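*Asks:* next comes the sequence, and after it the predicted model I'd like to discuss.
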Amino acid sequence: MLQVQFIRENKKVVLDGLAKRNFADAENIVNQVLAADENRRATQVELDNTLAESNKLSKEIGNLYKSGQPQKANLLKEKTGQLKDASKDLQEKLNGYADELQSLLYQIPNIPHSSVKAGNSEEDNEEVFREGNIPELGENALPHWDLAKKYDIIDFDLGAKISGAGFPVYKGKGARLQRALINYFLDKNIAAGYHEVQVPHLVNEASGFGTGQLPDKEGQMYHVTEDDLYLIPTAEVPITNMFRGNLMQETEFPICVTGYTPCFRREAGSYGAHVRGLNRLHQFDKVEIVRIEHPENSYNALNEMVEHIKEILRELKLPYRILRLCGGDTGFTAALTFDFELFSTAQDRWLEISSASNFETFQANRLKLRFKNAEGKSELAHTLNGSSLALPRVLAGILENYQTEDGIQVPEVLIPYTGFDMIK
């Protein structure tokens, strides 16, 4: 959530940033925010003055009683009664303006970083890095959904029987390879200085609002209505909310946390090879990294996260590229996002496997996540997160790119975790 003071003092910057996102009706909603804020501040001043006058009269009434002037005191008591009624009305009015302002602010996305280009969709994203060799596969190369069936390692039909489409069952060496990837990712993150946590897979509404999934992504989240809890779409939500409401010291930075969770997303229904198999699921596994940073270091931290993810993909020996997302494709809460995509040779297409984002103060403002700076003043921290990594498409890429006529080779770095080097 943008700070209203920032909007008030930087209206043109805000409008230019929203234009990069093609945010509809930007000027109208910004003007509504400024009007609601002006009404709120004016009402606050009026309420403060009314309460101050009431307190002043109360003291005078006390002095009049003490000096034996009850008639004058009673006249003033009538006035204080009127002031109390007025202050009650003003408080209700103030609450209304505050609620209106909050509701409007929740509708405005983050302002993109200066390096983010304007654009309408993923077609306008910028490729900033590419690495790895795309393997030459024979004419008999199969996509991962056929390989999964051939080697009996993932059963999509069985998952559909149990739950529905988008809930696969991993079997045998497929399940072991999945578990190996989770442990490998966690070990890499821990070695890089991230502290591992296990967090709840259900969160309350405040947590959803804190990281910006609510109200923006409410339709994509599974809602347990009886308990008013939400299944997490990513570990970013519970991990970042661990710090909601905290007032930190500068010496605590950086805070680096990693965690594995299943993730649940009610994706829009669509069909075709681009969503087939592991390409798009309602439930999938992901290992996340989250950082809480001093504002002066957050972009250095983002670069470190990008380099860390690159190292993992190098060890897996998977061909990948990095995209800097344009304004139209950048997520609601992010200021700058780098997407990692690996090349699926059998599908002849790029598959997104990770996003690393800096949210600057956008989430921290919702979370009330602050620190005391060198001058002892309270200041909003910066939050960042990245996938390291999302498993389904990484697994799809391994199955497809490592397939041979004799079976599917296991990446060398994973063999100590799987206990086998080939799926036959």
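*Replies:* Ah, there it is.

*Asks:* helix or strand with the lowest mean pLDDT in this protein?
*Replies:* For the chain, the helix or strand with the lowest mean confidence is helix 70-105, at a mean of 91 (criterion: mean pLDDT, DSSP states H and E).

*Asks:* quick one: buried residues of that helix?
*Replies:* Buried residues in helix 70-105, counted by 16 or more other Cβ atoms under 10 Å: 73, 76, 80, 83, 86-87, 90, 93-94, 97-98, 100-101, 104-105. (Each C-beta comes from the backbone N, C-alpha and C, glycine too.)

*Asks:* do stretch 122-136 as well
*Replies:* So, applying 16+ other Cβ under 10 Å, buried residues of stretch 122-136: Asn125, Gly132, Pro135.

*Asks:* what about the residue of the chain positioned farthest from its centre, which SS state?
*Replies:* The C-alpha centroid of the chain is most remote from Gly68, which lies 65.5 Å away (Cα atoms, centre = their mean). Here Gly68 is recorded as coil under DSSP: H, G, I helix; E, B strand; the rest coil.

*Asks:* for it, what are its contacts?
*Replies:* Contacts for Gly68 (Cβ atoms under 8 Å, 6 or more residues apart in numbering) come out as none.

*Asks:* where do the helices of the protein begin and end?
*Replies:* 4-9, 11-20, 26-66, 70-105, 144-150, 156-162, 173-191, 205-211, 236-241, 298-316, 362-367, 391-401, 415-418 (DSSP state H).

*Asks:* of the ones you listed, which is nearest His382?
*Replies:* The closest of the helices of the chain to His382 is helix 298-316. By Cβ to Cβ, the value is 3.8 Å.

*Asks:* and the closest one, what does it pack against?
*Replies:* If you count contacts as 3 or more Cβ pairs under 8 Å, 6 or more residues apart in numbering; DSSP states H and E, helix 298-316 packs onto strand 126-131, helix 173-191, strand 283-293, strand 320-324, strand 336-344, strand 349-360, strand 382-390.

*Asks:* so which of these is the most surrounded?
*Replies:* strand 382-390 (a mean of 26; mean count of other Cβ atoms under 10 Å).

*Asks:* show me what it pairs with in its sheet, parallel or antiparallel.
*Replies:* Sheet pairing of strand 382-390 (DSSP bridges) gives strand 283-293 (antiparallel), strand 349-360 (antiparallel).

*Asks:* pull the CA atoms of the last one into CSV?
*Replies:* Meaning strand 349-360. Below are the C-alpha coordinates for strand 349-360, written out as CSV (Å, rounded to 0.1, in the frame of the first residue of the first chain):
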residue,chain,number,x,y,z
ARG,A,349,8.9,-23.2,-24.9
TRP,A,350,10.0,-21.2,-21.9
LEU,A,351,8.5,-22.1,-18.5
GLU,A,352,8.4,-19.6,-15.6
ILE,A,353,10.0,-21.2,-12.5
SER,A,354,10.8,-18.3,-10.2
SER,A,355,10.2,-14.6,-9.5
ALA,A,356,12.4,-12.4,-7.4
SER,A,357,10.8,-9.1,-6.3
ASN,A,358,11.5,-6.0,-4.3
PHE,A,359,8.3,-4.5,-2.8
GLU,A,360,10.1,-1.6,-1.2
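
*Asks:* check contacts around Glu205.
*Replies:* Leu214, Asp228, Tyr230.

*Asks:* next, count neighbours for the closest residue in space to the first one that isn't next to it in sequence.
*Replies:* Once its chain neighbours are removed from consideration, Leu214 has its nearest residue in Gly208; the separation is 3.6 Å (Cβ to Cβ, 6 or more residues apart in numbering). Applying the criterion other Cβ atoms under 10 Å, we find 23 residues in the vicinity of Gly208.

*Asks:* equivalent analysis for Asn22, please.
*Replies:* 14.

*Asks:* list the contacts of it.
*Replies:* Ala118, Asn120, Gly327, Gly328.

*Asks:* neighbours of the last one, how many?
*Replies:* Each residue near Gly328 was counted by other Cβ under 10 Å, and the total is 20.

*Asks:* what score does it have for pLDDT?
*Replies:* pLDDT for Gly328: 96.

*Asks:* same thing with the one 3 residues further on?
*Replies:* Among the per-residue scores, Gly331 holds a pLDDT of 96.

*Asks:* so it sits against Ala356, correct?
*Replies:* No - judged on Cβ atoms under 8 Å, Gly331 makes no contact with Ala356 at a distance of 11.6 Å.

*Asks:* who touches both of these two?
*Replies:* Common neighbours of Gly331 and Ala356 (Cβ under 8 Å, 6+ apart) are Thr337.

*Asks:* list the contacts for the closest residue to Tyr170 other than its chain neighbours?
*Replies:* Closest residue to Tyr170 apart from its sequence neighbours, by Cβ to Cβ, 6+ apart: Gln178 at 5.0 Å. Counting by Cβ under 8 Å, 6+ apart, Gln178 makes contact with Tyr170, Asp285, Leu391, Leu395.

*Asks:* ok, now how distant is the third one from Asn183?
*Replies:* Distance check for Leu391 against Asn183: by Cβ to Cβ, to the nearest Å, it reads 12 Å.

*Asks:* how about Leu384?
*Replies:* Leu384 is 24 Å from Asn183, by Cβ to Cβ.

*Asks:* identify whichever of the helices of the chain lies nearest to Arg276.
*Replies:* Distance to Arg276, taken as Cβ to Cβ, is lowest for helix 144-150 among the helices of the chain, at 5.8 Å.
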